[in-house]
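# Give me coordinates for this.
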Amino acid sequence: MTKQKWILAAVTLLLIGGAAGMLVRLKTNQKLGVPGVKTEPLAGSKNLHVLLPEWVLHYESKELQQEGIVTNTLPPDTSYGQRLYADKMHPEDQLLLNVVLMGADRTSLHKPQYCLEGAGYHIDPAATAETTIRIPRPQPYDLPVIKIVSTRQVQTTNTQPVAIRGIYVYWFVADGALSGDKSGAQRMWWMARNLLRTGVLQRWAYISCFAICPPGQEDATFERMKKFIAAAVPEFQLATKAEGK
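You can find the predicted model right below:
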């Protein structure tokens, strides 16, 4: 091996070793940021309970526990909040609002495609897009979200399969930060940058709203979901985005 190659190899090893040492120090000394959603302590646990509103517009709700397949799969320091909202006058009009809040283990934040496909929904890539929802309070701003449209076949009482459409809207929020980037690159960059600058690991929450409808009612259902989200978000989400930012 030539002298130049020895030098290059030595420099490479030093850089790798230095980067590894820096990452170890960051992980050892990092602090977990505060959530961007309202929470309360859980008795006998280091985890939190995410507080979602009991009423939103004309929808009343009931709190749902996360299923075992979720809590057994995600890291043990993950916190949750989940409510099913229904219109008393039209019980078929229901929306599921769900929050998954990471702890020190960032793998709590997973791609929703896995859950939807696992539940039997087939995603329509052409109808999936990044968009925004106007939030009126505490000051008007555009909430960045991702909308997924999917299809599932269900059996009716006469055993004939019927197609239903699932509209899934989700976004991510941390203290002072909002992201509706479906690639996740924006959120990961912000997390890494914040950790390097401040030693604080942003505590991101993954928020989703889900509704089903017959084929052909996707746009009307999404418009109804947008009104619901616009009314619900100021009640539980602490992070906002100022006008024009």
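# Could I get the contacting residues of R152?
R152 is in contact with 119-122, 163-164, 166, counting by CB atoms under 8 Å, 6 or more residues apart in numbering. Just so you know, the C-beta spots here come from the backbone N, C-alpha and C atoms, and that holds for glycine as well.
# a strand runs through it, doesn't it?
Yes: with DSSP: H, G, I helix; E, B strand; the rest coil as the criterion, R152 is assigned to a strand.
# Let me know the secondary structure of the spatially most central residue of the chain.
Within the chain, the residue whose C-alpha comes closest to the C-alpha centroid is Y206; the distance, by CA atoms, centre = their mean, is 1.8 Å. The three-state label given to Y206 by three-state DSSP is strand.
# Does it touch Y170 like I think?
Yes: taking contacts as CB atoms under 8 Å, Y206 lies within contact range of Y170: 6.7 Å.
# about what we covered before: list the contacts of the residue nearest to the centre of the chain.
Contacts were defined as CB under 8 Å, 6+ apart; by that measure Y206 touches 99-102, 108-110, 170, 172.
# okay, now the closest residue to it other than its chain neighbours: neighbour count?
In space, and not counting its chain neighbours, Y206 is closest to V100: 4.5 Å by CB to CB, 6 or more residues apart in numbering. Here the neighbour count serves as a burial measure; for V100 (other CB atoms under 10 Å) it reads 23.
# Now for V100: which residues touch it?
74, 78-80, 108-110, 205-206.
# and it, what element?
Assigned by DSSP states H and E, V100 belongs to strand 94-101.
# tell me how far that strand is from the chain's mean position?
Strand 94-101 has its average C-alpha position 9 Å from the chain's average C-alpha position, going by CA atoms, centre = their mean, to the nearest Å.
# What strands line up against it, and which way round?
Using DSSP bridges, the strands paired with strand 94-101 in its sheet are strand 79-87 (antiparallel), strand 205-213 (antiparallel).
# Would you reformat those strands as a markdown table and include distance to E67 and mean pLDDT?
Converted to a markdown table, the strands paired with strand 94-101 look like this (distance: least, CB to CB, whole Å; pLDDT from 0 to 100):
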| stretch | distance to E67 | mean pLDDT |
| --- | --- | --- |
| strand 79-87 | 10 | 97 |
| strand 205-213 | 14 | 96 |
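# which one of those has the most crowded surroundings?
Burial of these is given as mean neighbour count (mean count of other CB atoms under 10 Å); strand 205-213 ranks first at a mean of 22.
# how big is the angle separating whatever helix or strand comes next after that one from strand 205-213?
Read in the C-terminal direction, the helix or strand following strand 205-213 is helix 218-236, with elements assigned using DSSP H and E. An angle of 150 degrees separates the directions of helix 218-236 and strand 205-213 when computed by axes from the mean of the first three to the mean of the last three CA atoms, to 10 degrees.
# For helix 218-236, which helices and strands make contact with it?
Contacts of helix 218-236 with other secondary structure elements, assessed using 3 or more CB pairs under 8 Å, 6 or more residues apart in numbering; DSSP states H and E, are made with strand 55-56, strand 94-101, strand 129-135, strand 141-155, strand 161-174, strand 205-213.
# Check which residues of the helix or strand following the shortest one are buried.
Using DSSP H and E, the helix or strand that directly follows strand 55-56 along the chain is strand 59-63. Taking 16 or more other CB atoms under 10 Å as the basis for neighbour counts, the residues of strand 59-63 that come out buried are 59, 61.
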